[in-house]
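In: below are the sequence and a predicted model; questions follow.
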Amino acid sequence: MAGPEKQPGILILLIAVTAIIGVIFSGYLFINHYQETSGDSVLFQLCSISDSFDCSRVNQSYYSIFMGFPIAGYGLFYYLFILISLSLYHVINHERFSLFLGGLFLITSFFSVLTILPLALISITKLKTYCLFCMIIWLCNMVLFILFAALVRRKENTHFVRALGHVFVSFFGFLKRFYMAPAHVFILVSVSTSLFAAILFGGEYLGIKRDLELARSNLEELDKLISEFYKRPVLKSSVEGLPVFHGKSNSAVTIVEYADFNCPACKKGLRTMEELTKRYPGKLAVYLKNFPLDSTCNQVAIRDKGGLPCTTALISIALREKKGYHHYVDQIMKSEQPLSFELLEEALTDVGIKPEDLGNMFKDGKAKEILNQEIKEAIALGIKSTPSFLINGRLISGLPPFYVLNRLIQVELDASLREKFR
């Protein structure tokens with residue numbers, strides 16, 4: 001491989017541009033992994049456009065972490081490493097070191113392409129949701145491999161297989177005899193280590209900052225929120241005949257969550273309620289009511305979602321008096337996947353119900369009647385979205401931060417604190 005003065009400039013430029021695109025999108029996903037997002041935020045709207053294409057669902061899932069670090073962080077390091085190495089490639093006029101970098105580029109880009117298959121399979125089979133920005137990054141990985149291969153072929157001025165063999169031999173030969181350019185290797189290793197450490201600590205900083213922003217509350221502002229909560233009227237929502245989903249019946253604090261099985265925030269809300277009941281054992285009772293945002297069964301819903309959220313809700317109502325109720329709801333609400341017939345069938349199978357048995361469950365029309373009652377009740381209470389919560393009769397729309405809910409529970413359990421806000 002010739003020195004830098006003979007580098008084919010157009011390929012180097014294309015590699016740099018592709019790496020910059022990779023930095024932009026992987027950097028976005030890296031920040032998004034730590035960023036709490038909602039439907040109104042710019043970060044959410046950039047890439048979470050539907051149930052099928054939702055970057056946040058993919059990027060904040062269990063599968064987005066490898067060895068305790070976001071996969072997007074590894075991608076960010078990879079693209080920045082390429083840009084820095086290209087700079088060294090220009091600056092250091094050493095033939096063997098250039099061969100070493102050429103081999104390193106090819107090997108790393110080859111393995112980056114290999115990662116595409118398992119990540120794509122996870123999106124298709126596990127999450128059943130796709131990340132548009134992830135796809136752009138996968139495309140960048142493939143383009144980089146092609147460009148590096150073309151660069152090797154151009155530099156060696158021979159057919160690709162022979163050029164590839166020459167570069168790999170040179171690469172491993174350089175590793176074996178790296179004393180021929182120890183300073184260059186030291187520079188590359190030092191820069192790479194520093195870069196990865198910076199990204200690692202950057203991730204730690206973002207995580208700590210997020211946690212502090214959620215946990216740290218201006219007491220005056222928090223008290224203002226609590227005061228506004230207690231100015232709201234006490235509404236009535238009967239829980240008679242409803243099984244307690246989390247906690248213990250006849251507790252000091254009764255929470256009713258109105259949820260849609262196809263709502264990611266509802267899933268998070270139910271997990272939050274579970275955490276609160278563990279924090280305050282024996283003092284909370286959490287009940288679940290249905291408000292599917294599907295015009296098939298809900299007259300105030302805007303979108304027709306084919307009836308699946310309504311059917312899922314009907315089944316949950318039919319199971320309330322059976323042993324499989326909690327397991328059925330948990331299977332769906334704790335799943336990373338969006339609601340689908342496959343997920344519904346899997347949840348039914350786990351509780352010993354065959355899809356063909358559903359007709360018998362709905363024959364008497366009782367489940368449908370209860371669902372209609374819960375929807376009408378929610379509408380009468382002024383509920384228009386999910387999740388919505390009644391905490392001892394006072395309505396909260398949406399899912400507040402955990403520290404706000406925690407403070408509300410503390411006040412509800414302390415009579416002297418309640419007097420302060422009333």
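Out: That came through, no problem. Quick caveat, the model's predicted, so the values are computed rather than measured.

In: residues in contact with the residue sitting nearest the centre point of the chain?
Out: Closest to where the C-alpha atoms of the chain average out (Cα atoms, centre = their mean) is Gln60, at 2.1 Å. Gln60 is in contact with 32-33, counting by Cβ atoms under 8 Å, 6 or more residues apart in numbering. For every residue, glycine as well, the C-beta is placed using N, CA and C.

In: for Ser388, same thing?
Out: By Cβ under 8 Å, 6+ apart, the neighbours of Ser388 are 257-258, 291, 378, 381, 395-398.

In: phi, psi for it please.
Out: phi -130, psi 150 (degrees, to the nearest 10).

In: list the beta-bridge partners for it.
Out: When assigned by DSSP bridges, Ser388 has beta-bridge partners Tyr258, Ser397.

In: what mean pLDDT does whichever helix or strand Lys376 is part of get?
Out: Element membership for Lys376, per DSSP states H and E: helix 366-380. For helix 366-380, mean pLDDT is 95.

In: what's it packed up against?
Out: Where contact means 3 or more Cβ pairs under 8 Å, 6 or more residues apart in numbering; DSSP states H and E, helix 366-380 is packed against strand 284-290, helix 308-318.

In: tell me the angle of that helix relative to helix 308-318?
Out: Compare the direction of helix 366-380 with that of helix 308-318 by axes from the mean of the first three to the mean of the last three Cα atoms, to 10 degrees and you get 110 degrees.

In: buried set for helix 366-380?
Out: For helix 366-380, the neighbour count (16 or more other Cβ atoms under 10 Å) marks 367-368, 370-371, 374-375, 377-378 as buried.

In: could you do stretch 51-70 as well?
Out: Buried residues in stretch 51-70, counted by 16+ other Cβ under 10 Å: 51, 53-61, 64, 69-70.

In: same check, this time on stretch 231-245
Out: By neighbour count with 16+ other Cβ under 10 Å, stretch 231-245 contains the buried residues 235, 237, 242, 244-245.

In: make TSV from those residues and add distance to Ser295 to it.
Out: Listed next are these as TSV, based on distance: Cβ to Cβ, whole Å:
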residue	distance to Ser295
Leu235	25
Ser237	23
Leu242	25
Val244	31
Phe245	26
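
In: what's the closest non-adjacent residue to Gly282?
Out: Once flanking residues are discounted, Gly282 sits nearest to Lys248: 5.4 Å by Cβ to Cβ, 6 or more residues apart in numbering.

In: quick one: contacts for the one you found?
Out: Taking Cβ under 8 Å, 6+ apart, we find Lys248 in contact with 282, 284-285.

In: that older thread, what is the nearest of the contacts of Ser388 to Arg271?
Out: Nearest to Arg271 among these is Glu257, at 11.1 Å by Cβ to Cβ.

In: verify the contact between the closest one and Cys266 for me.
Out: Yes. The pair Glu257 / Cys266 is scored as a contact, 7.3 Å apart, by Cβ atoms under 8 Å.

In: which ones among the buried residues of stretch 51-70 are found in helices?
Out: When DSSP state H is applied, these are split such that 55-59 fall in helices.

In: Pro355: which of these is nearest?
Out: Proximity of these to Pro355 (Cβ to Cβ) peaks at Arg57, which lies at 26.1 Å.

In: number of nearby residues for Ser123?
Out: The number of residues packed near Ser123 is 19, by other Cβ atoms under 10 Å.

In: nope, Leu13 is what I meant
Out: Leu13 has 12 nearby residues by other Cβ under 10 Å.
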